[in-house]
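1. Dropping a prediction and its sequence here:
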Amino acid sequence: MTEELLTRREGVAGILSLNRPKAIHALTQGMCEAMSAALAGWADDVEVKAIIVEHAEGRGFCSGGDINLLRHSALTDGGEEGRRFFFDEYRLNDQMFNYGKPLVAFMDGITMGGGVGISQPAKYRVATQNTRFAMPETGIGLFPDVGGGWYLSNLEGRVGQFLALTGARLDGAECLWAGLATHYLPAEALPEAKARIAAGEEIGGVLAALATTPPEAKIAAHAAAIRQHFAFDTLEDVLASLESDSGEWAARELATLRTKSPQSCKVALRQLAESAALDTFTENMAMEYRIGARVLVLPDFAEGVRAVIVDKDQSPKWSPASPEGVTQEMLDAIFAPLPPEEEWKPL
């Protein structure tokens, strides 16, 4: 395996522990391959009854994927290495979603991007007071991938569209409210929860016993506004709806949307609409791979990462610069099937 991923057995539990604390446990291709291999090994082990997905030391569960690798690939090899990363990462996401044993993901701390991709497939998703959940990809010219189309399109009240477009961060209480977490535990209770699960106790019972009542979910106060303004599958309609509202919340969200890649926002809305019509998660991942293969090498991704992560000037120059510049033909090309030999396939 790799030291960036620690795997071990404790009692009846197979444990996957992310171990890149300096990078807030961002996923590398090696980590994805190692997780897939461990899961494959435990799948037929009758002594393994559950899988725990956690992080080792540090302040976050998983901050995302290896964005610097993806940008370097986009700029130097036509996206070849980046597509290999997506291919293996999406295979892991699909493997986890369809795994035959219960997964328990402890989303203690930052859970973004790729971290969403390895926590949302879990039957049990545990948030804490430290959880900070987001899919912030439209801010770097990407899109909410790793299964984001499937998970976000299934949220009630158009909350998924709101999260996909704005990249809003949710705390643990808000994750529970939205359905992104199944349980809310104090972080101090996680070692006991993991030990009891490893000892063979029933997972749902353990988590229910240790759960506490979370604080009020702040996003709930804006549920009606989200349902109203994000009810549309076109970016222009969302913007117009927000513009028609003189309230402070609408103005703030409108200002946020104005900073995002118009291309990414339009891709995300179409992605969620198409995901909602698919029958299986595997079909969703094949679609997201097509999108990823194209978006990776379009100008907005390298420019977005430059502005937000490399130079940190927070002033990306999007291309196209306006929603009107992102045509239906451009979107059709992004979503089009790949040549048969390049299409994504599950493990």
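-> Ah, there it is.
2. And the longest helix along the chain, what's buried?
-> Selection of the longest helix in the chain by residue count, based on DSSP state H, yields helix 80-97. Buried positions in helix 80-97, judged by neighbour count with 16 or more other C-beta atoms under 10 Å: 81-83, 85-97. To be clear about C-beta, it is placed using only N, CA and C from the backbone, and glycine gets the same treatment.
3. with those in mind, which one is nearest to Phe61?
-> The shortest gap between Phe61 and any of the buried residues of helix 80-97 belongs to Met96, at 14.4 Å (C-beta to C-beta).
4. Could I get the phi/psi values of the residue lying closest to that closest one once chain neighbours are set aside?
-> Nearest-residue entry for Met96: Pro121, 3.9 Å, with adjacent residues in sequence omitted and distances by C-beta to C-beta, 6 or more residues apart in numbering. Geometry field for Pro121 lists phi and psi as phi -70, psi -20, criterion degrees, to the nearest 10.
5. circling back to that earlier point, just name whatever secondary elements the longest helix of the chain is in contact with.
-> helix 29-43, helix 67-76, helix 114-117, helix 281-295 (3 or more C-beta pairs under 8 Å, 6 or more residues apart in numbering; DSSP states H and E).
6. quick one, strands of the chain?
-> Secondary structure of the chain by DSSP state E: the strands cover 5-10, 13-18, 50-55, 60-62, 103-107, 110-112, 124-127, 132-134, 170-171, 183-184.
7. Could you check the angle the third one makes with helix 80-97?
-> Translated: strand 50-55. Angular relation of strand 50-55 and helix 80-97 on a 0 to 180 degree scale: 140 degrees, by axes from the mean of the first three to the mean of the last three C-alpha atoms, to 10 degrees.
8. I'd like the mean pLDDT over strand 50-55, please.
-> Strand 50-55 carries an average pLDDT of 98.
9. strands paired with it, and their directions?
-> Using DSSP bridges, the strands paired with strand 50-55 in its sheet are strand 13-18 (parallel), strand 103-107 (parallel).
10. do the same with the last one
-> Taking DSSP bridges as the criterion, strand 183-184 forms sheet pairs with strand 124-127 (parallel).
11. repeat for the first one
-> Each strand that pairs with strand 5-10, with its direction, by DSSP bridges: strand 13-18 (antiparallel).
12. what does the partner strand rub up against?
-> The contact list for strand 13-18, computed with C-beta atoms under 8 Å, 6 or more residues apart in numbering, reads 4-9, 25, 27, 31, 35, 38-39, 42, 45, 48-56, 61-62, 194, 197-198.
13. likewise stretch 177-190?
-> With C-beta under 8 Å, 6+ apart as the test, stretch 177-190 has contacts from 54, 106-108, 120, 123-131, 133, 151, 155-156, 159, 170, 172-173, 175-176, 193, 207-208, 210-214, 217, 219-220.
14. how far does it stretch from start to finish?
-> Across stretch 177-190, the terminal residues are separated by 20 Å (C-alpha to C-alpha, to the nearest Å).
15. Equivalent analysis for stretch 297-309, please.
-> Distance between the two ends of stretch 297-309: 17 Å, counting by C-alpha to C-alpha.
16. Could you check that stretch and say which residues are buried?
-> Within stretch 297-309, the residues that qualify as buried by neighbour count (16+ other C-beta under 10 Å) are Val297, Leu298, Pro299, Asp300, Phe301, Ala302, Glu303, Gly304, Val305, Arg306, Ala307, Val308.
17. Could I get the pLDDT score of Met68?
-> For residue 68 the amino acid is Asn, not Met. 89.
18. which sections of the chain are below the confidence cut-off?
-> Within the chain, the segments meeting pLDDT under 70 span 1-2.
19. How about the contacts made by Ala250?
-> Contacts for Ala250 were tallied using C-beta under 8 Å, 6+ apart; they are Ala225, His229, Leu242.
20. what do you get for Met31?
-> Listed by C-beta under 8 Å, 6+ apart, the contact set of Met31 reads Thr2, Glu4, Leu5, Leu18, Arg20.
21. ok, now how distant is it from Ala50?
-> Between Met31 and Ala50 the computed distance is 21 Å (C-beta to C-beta, to the nearest Å).
22. Could you do Ala34 as well?
-> Using C-beta to C-beta, Ala34 is found at 19 Å from Ala50.
23. Could you give the backbone dihedrals for the residue of the chain most remote from its centre?
-> When distances are taken from the C-alpha mean of the chain, Ser246 lies farthest, 31.6 Å away, according to C-alpha atoms, centre = their mean. Ser246 has phi and psi values of phi -90, psi 0 when expressed as degrees, to the nearest 10.
24. From Leu254, how far out is it?
-> 11 Å.
25. Just the buried ones out of the contacts of strand 13-18, please.
-> Applying a neighbour-count criterion of 16+ other C-beta under 10 Å, the buried members of those are 4-7, 25, 27, 31, 35, 38-39, 42, 48-55, 61-62, 194, 197-198.
26. sorry, back to before: got JSON lines for the strands paired with strand 50-55, with distance to Phe281 too?
-> As requested, the strands paired with strand 50-55 are arranged in JSON lines below (distance: least, C-beta to C-beta, whole Å):
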{"stretch": "strand 13-18", "distance to Phe281": "19"}
{"stretch": "strand 103-107", "distance to Phe281": "14"}
